[in-house]
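Trainee: I would like the atomic coordinates for the input below:
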Amino acid sequence: MTDVEIECVRGNIASQPDVDAVVNAANADLLPGSGVAGAIHSTAGPGLNRECRGLAPIRPGQAVITSGHDLPNSHVIHCLGPVYGVDEPSEPLLADCYRNALLLADQRGLSSVAFPAISTGVFGYPIHEAARVAVQTVMGTLVRLTSIRLVRFVLFSEQDLAEFQQALRRFS
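Mentor: This is a model prediction of the structure:
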């Protein structure tokens, strides 16, 4: 599939009202935490935590989907990224997060997904490597998608944005 728009923006993953699903860089128990998980759970409200209880625990690379609750999005896709240097092999596990999230969104007939930089916060994945894996995986998964029309990478810092933009140029 070649008519999918891929974009990189700086912003807050929990403030993407024009996409069907946002991706949560979750912990294994799908609990509220810091970083992306904290922002998403805080905005979504307590209903998200209640819905997540029945889906946990998840393993690295796995993706599960919930409703968006109080978020402006219809769905949240929760992915457990690898802890860098601990969960091995880290690159295939990180790639699985992006691939599985896209395939899950596509199975639900969603047209747009926003991703954070999975595993780059407290999980310690180097941003340069994470950007390469993320973009390369998304580009390689596009041929399998039927409903997705927009993939957005929502990055927290200017440095993260620059790394993802560079990766996107390299693999486009």
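
Trainee: from here on, contacts and neighbour counts on C-alpha atoms
Mentor: OK.

Trainee: where does pLDDT dip in the protein?
Mentor: By pLDDT under 70, the weakly predicted segments of the chain are 1-2.

Trainee: for it, longest helix please?
Mentor: Counting by DSSP state H, the longest helix found in the chain is helix 90-107.

Trainee: what's the spacing between that helix and its chain's center?
Mentor: 8 Å (Cα atoms, centre = their mean, to the nearest Å).

Trainee: may I see the buried residues of it?
Mentor: 90-91, 93-106 (16 or more other Cα atoms under 10 Å).

Trainee: now for the following helix or strand past it, which elements pack on it?
Mentor: Heading C-terminal from helix 90-107, the first helix or strand you meet, by DSSP states H and E, is strand 112-115. Counting contacts by 3 or more Cα pairs under 8 Å, 6 or more residues apart in numbering; DSSP states H and E, strand 112-115 packs against strand 21-25, strand 150-155.

Trainee: partner strands of strand 112-115 and their direction?
Mentor: Paired neighbours of strand 112-115 in the sheet (DSSP bridges): strand 21-25 (parallel), strand 150-155 (parallel).

Trainee: quick one: the strands in this protein?
Mentor: Secondary structure of the chain (DSSP state E): strands at 5-10, 21-25, 63-67, 75-79, 112-115, 150-155.
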